[in-house]
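Engineer: missing the sequence, but the structure's below:
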């Protein structure tokens, strides 16, 4: 069971399209996006993927993003704190700009929390919760975009780069 973790796309449709093509080729169809997609016009690119989405500080049209996710028809969900179970494993997706990640991790409610906002990759364990930030998918200002793939069968996380 693998899922992809993305964040901070910032309307970079080229990076998102490239990443989703790679995921599709790896047969990964579940994406946790930690926010700042920035535009609802990006949502149709996720066609065929189940998406768990957290609204970021640059998602000014959050209602439209949520509506577009529903139209995907893949049981996708979006909220500021997107809580769900994936194969009975409790998880949460949060952007991180308005939540105390340490408090969420110490709550005992989640085994995994995926977060973004900082544009910096991170993988740490707080209490019994693994907190993962995939970095920023957008290469703007960085010349490299990053995302992560989590294999839940063996609890292995891999960070990947998209170079331009």
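Structural biologist: It's in. Small disclaimer: the values here were computed from a predicted structure and weren't measured.

Engineer: since we're on residue 56, how many residues are nearby?
Structural biologist: 27 (other CB atoms under 10 Å). For every residue, glycine as well, the C-beta is placed using N, CA and C.

Engineer: And for residue 148?
Structural biologist: The number of residues packed around residue 148, counting by other CB under 10 Å, is 22.

Engineer: How about residue 81?
Structural biologist: Using other CB under 10 Å, residue 81 is surrounded by 14 other residues.

Engineer: What sits closest to it if chain neighbours are left out?
Structural biologist: residue 94 (5.3 Å; CB to CB, 6 or more residues apart in numbering).

Engineer: any idea how far that neighbour is from residue 162?
Structural biologist: Here the criterion is CB to CB, to the nearest Å. By it, residue 94 lies 23 Å from residue 162.

Engineer: more neighbours, these two?
Structural biologist: Higher neighbour count among residue 94 and residue 162: residue 94, with 27 against 18, using other CB under 10 Å.

Engineer: pretty sure that one is touching residue 100, no?
Structural biologist: No - using CB atoms under 8 Å, residue 94 is not in contact with residue 100, being 9.9 Å away.

Engineer: Just the buried residues of the top helix by length along the chain, please?
Structural biologist: Assignment by DSSP state H gives helix 13-25 as the longest helix of the chain. Neighbour counts over helix 13-25 (16 or more other CB atoms under 10 Å) mark 15-16, 18-20, 23 as buried.

Engineer: Stretch 63-73 too?
Structural biologist: Neighbour-count burial for stretch 63-73, counted by 16+ other CB under 10 Å, picks out 65-66, 68-69, 72.

Engineer: Closest one of those to residue 46?
Structural biologist: residue 72 (6.0 Å; CB to CB).

Engineer: And the closest one, how close does it get to residue 99?
Structural biologist: Taken as CB to CB, the span from residue 72 to residue 99 is 25 Å.

Engineer: And the strands in the chain?
Structural biologist: 2-6, 30-33, 50-54, 77-79, 81-86, 89-94, 112-115, 121-126, 129-134, 144-151, 156-163 (DSSP state E).
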